[in-house]
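A.B. asks: give me the fold of what follows.
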Amino acid sequence: MTVDRAVLAFAGFVVLLGVALAHFVHPWWIALSIFAGLNMMQAAFTGFCPAAMIFKRLGVKPGVAFR
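C.D. replies: Residues are numbered from 1 along each chain as shown. You can find the predicted model right below:
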């Protein structure tokens, strides 16, 4: 798995987690999904992604999107 795929998998997990928590716990948990979506948008335009930096430090193989 590369950093790119790890970031996409993590972002998808966070979005689904936010939706599930909003449904089962409290509606304000939808803010977690909104935060993940906004973070994906800014990463697409700036190339800066904190999750990618964390995955790199954990030793995940580099990909093409986040260098």
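
A.B. asks: next SSE after the helix ranked longest in the chain?
C.D. replies: For the chain, the helix with the greatest residue count under DSSP state H is helix 3-24. Note on helix 3-24: by DSSP states H and E, the next helix or strand toward the C-terminus is helix 30-46.

A.B. asks: can you check what angle separates that next one from helix 3-24?
C.D. replies: Between helix 30-46 and helix 3-24, the angle comes out at 160 degrees (axes from the mean of the first three to the mean of the last three CA atoms, to 10 degrees).

A.B. asks: ok, residues contacting helix 30-46?
C.D. replies: Helix 30-46 is contacted from outside by 7, 11, 14-15, 17-19, 21-22, 48-52, 66, using CB atoms under 8 Å, 6 or more residues apart in numbering. From N, CA and C alone the C-beta is placed, and that goes for glycine too.

A.B. asks: type out the PyMOL command that picks the buried ones from those residues.
C.D. replies: Restricted to buried positions by 16 or more other CB atoms under 10 Å, the PyMOL selection for the contacts of helix 30-46 reads:
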select buried, resi 7+11+14+15+18+21+22+49+51+52+66
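
A.B. asks: on that earlier part again, could you pull up the mean pLDDT of the longest helix of the chain?
C.D. replies: Throughout helix 3-24, pLDDT has a mean value of 96.

A.B. asks: and it, how far out from the chain middle?
C.D. replies: Put simply, helix 3-24 sits 7 Å off its chain's centre (CA atoms, centre = their mean, to the nearest Å).

A.B. asks: mind picking the two most distant members of the contacts of helix 30-46?
C.D. replies: For the contacts of helix 30-46, the maximum inter-member distance is 28.2 Å, found between Ala22 and Phe66 (CB to CB).
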